[in-house]
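Student: got a sequence here, can you build the structure:
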Amino acid sequence: MAVRTVEHKRLSALGQKLEDFKQLVKLRLSLTVVFSSVMAYLIAAPGTSSVLAIVILALGGFMVTAAANILNEVLEKDYDRLMKRTADRPLAAGRMKVSDAVLLAGVLTLLGITALAFFNPWTAFFGMLALVSYAFLYTPLKRVSPIAVVVGAFPGALPTLIGAAAAEGYISALGFMLFGIQFFWQFPHFWSIAWLGREDYEKAGYKMLPGPEGKKEKQTGLQAFVYALFLLPMSVLLKTQGFAGTTAFLVILSLSICFAFLGWRLYHNNDRKSALHLMFFSFVYIPFVLGTLLIDQL
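Tutor: Numbers count the residues shown, from 1 in each chain. Take a look at the predicted model:
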């Protein structure tokens, strides 16, 4: 019985450490970033990609993203304690030392940038740019001004540019197109989440919603709609620049119109249901768009 109890405690401790690691690196977010980068790589190099290259890109992208997320949580640990959804993060809850987290971030940064440098200097440069701008520009700006969302959209869109550069060896028009799509997508995506969690953000002093006091929710819906509209000309450019066939263009354009409509509905209705619909659609928009482009290249 005593042996079983000790073994159970060990397993429980291991389970907690794994859960803490998942929270520390924001596992789902990190995997989403890796997905975007790998998909961009496959789109830019149809039929010529190797399994080894994909693995290196995925590991490098994951480690750099994980490092950026760790540094984000190090800088925000005192504010995370104030929000319900982040209060149980390992640093905020005191289950992990800041020094250990910073050391882990440093190791992951070194390994991740080295892996990205395997492709070319551009991938390493953009990987480091994404990490620095996310951790040291976007993170502190969140408590200063809603401009943080614009600043954060740049490192958020860089994974697609990194993936395309890894495949092509240079900064191409396709890379910029994929970057632009992910850049404009982030605004309705993030603002739907911020609309839903606005009370939590306010507790921590984050100034994430645009617009004047008393009209922030309404203004958030309007800006989500406006930024989603930019995805329409981006869809057209994919076609006119030869990066998408007619069927792929129509699919992506339809998705973009639906996305913009949901942004408009959030502005018009200004309610939780509309924000949820916009948020859930944003989760599938990027995978569907990238998946459509990849299938179109085959």
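Student: report the contact partners of Phe183.
Tutor: By CB atoms under 8 Å, 6 or more residues apart in numbering, the contact list for Phe183 reads Ala153, Phe154, Gly156, Ala157. In this view, the C-beta of every residue, glycine as well, is placed from N, C-alpha and C.
Student: the second one: neighbouring residues, count only.
Tutor: Right, the one you point to is Phe154. 18 (other CB atoms under 10 Å).
Student: now it, nearest residue through space, not along the chain?
Tutor: Spatially, and ignoring its direct neighbours in sequence, Phe154 is nearest to Ser133 (6.0 Å; CB to CB, 6 or more residues apart in numbering).
Student: burial count for that neighbour?
Tutor: 18.
Student: can you give me the distance of it to Leu71?
Tutor: Ser133 is 12 Å from Leu71, where distance means CB to CB, to the nearest Å.
Student: now Val33
Tutor: For Val33, the distance to Leu71 - CB to CB - is 15 Å.
Student: between these two, which one's more packed in?
Tutor: More neighbours surround Val33 than the other of Val33 and Leu71, with 26 against 22 (other CB under 10 Å).
Student: what about that one, distance to Gly156?
Tutor: 8 Å.
Student: related to what we said a few turns ago, next, the residue nearest to Phe154: phi, psi?
Tutor: phi -70, psi -30 (degrees, to the nearest 10).
Student: kindly report the same for Tyr206.
Tutor: Taking degrees, to the nearest 10 as the convention, Tyr206 sits at phi -80, psi 130.
Student: what do you get for Gly211?
Tutor: phi 100, psi 170.
Student: got it, and Val144?
Tutor: phi -110, psi -50.
Student: neighbours around Lys215, how many?
Tutor: So Lys215, with other CB under 10 Å, has 13 neighbours.
Student: which residue ranges form the strands in the stretch 101-250 of the chain?
Tutor: Using DSSP state E, counting those that start in this stretch, no strands are found in the stretch 101-250 of the chain.
Student: contacting residues for the nearest residue to Pro46 once chain neighbours are set aside?
Tutor: In space, and not counting its chain neighbours, Pro46 is closest to Gln297: 3.9 Å by CB to CB, 6+ apart. By CB under 8 Å, 6+ apart, Gln297 lies in contact with Leu42, Ile43, Pro46.
Student: can you tell me which of those are buried?
Tutor: By neighbour count, with 16 or more other CB atoms under 10 Å, those hold Leu42, Ile43 as buried.
Student: which ones among the contacts of Gln297 lie within helices?
Tutor: Judged by DSSP state H, the contacts of Gln297 include Leu42, Ile43 as members of helices.
Student: which of the contacts of Gln297 sits closest to Val149?
Tutor: Ile43 (26.4 Å; CB to CB).
Student: who are the contact partners of that closest one?
Tutor: Gly163, Ala164, Leu174, Leu178, Leu290, Leu293, Leu294, Gln297.
Student: cool, Ser133 as well?
Tutor: Val151, Phe154, Pro155.
Student: and the last one, how many neighbours does it have?
Tutor: Pro155 is surrounded by 22 other residues when neighbours are defined as other CB under 10 Å.
Student: check the first one too.
Tutor: Counted with other CB under 10 Å, the neighbours of Val151 add up to 18.
Student: for it, give its distance to Met63.
Tutor: In terms of CB to CB, Val151 sits 23 Å off from Met63.
Student: low-confidence ranges, the stretch 101-250 of the chain, go.
Tutor: Flagging of the stretch 101-250 of the chain using pLDDT under 70 yields the residue ranges 214.
Student: buried sites along the host helix or strand of Val64?
Tutor: Assigning secondary structure by DSSP states H and E places Val64 in helix 51-80. For helix 51-80, burial by neighbour count (16+ other CB under 10 Å) applies to 53-54, 56-77, 79-80.
Student: do stretch 13-25 as well
Tutor: Buried-residue list, stretch 13-25, by 16+ other CB under 10 Å: Asp20, Gln23, Leu24, Val25.
Student: run the chain-centre distance for that stretch.
Tutor: Remark: stretch 13-25 is offset 21 Å from the chain centroid, using CA atoms, centre = their mean, to the nearest Å.
Student: what does that stretch rub up against?
Tutor: 27, 65-66, 69-70, 73, 88-91, 95-96, 101, 104.
Student: at 6 Å instead, please
Tutor: Outside stretch 13-25, the residues that touch it by CB atoms under 6 Å, 6 or more residues apart in numbering are Ala66, Asn69, Ile70, Arg89, Pro90, Arg95.
Student: how about stretch 215-227?
Tutor: Contacts for stretch 215-227 (CB under 6 Å, 6+ apart): 184, 187-188, 191, 195, 209-211, 263-264, 266-267, 270.
Student: thank you kindly, that will do.
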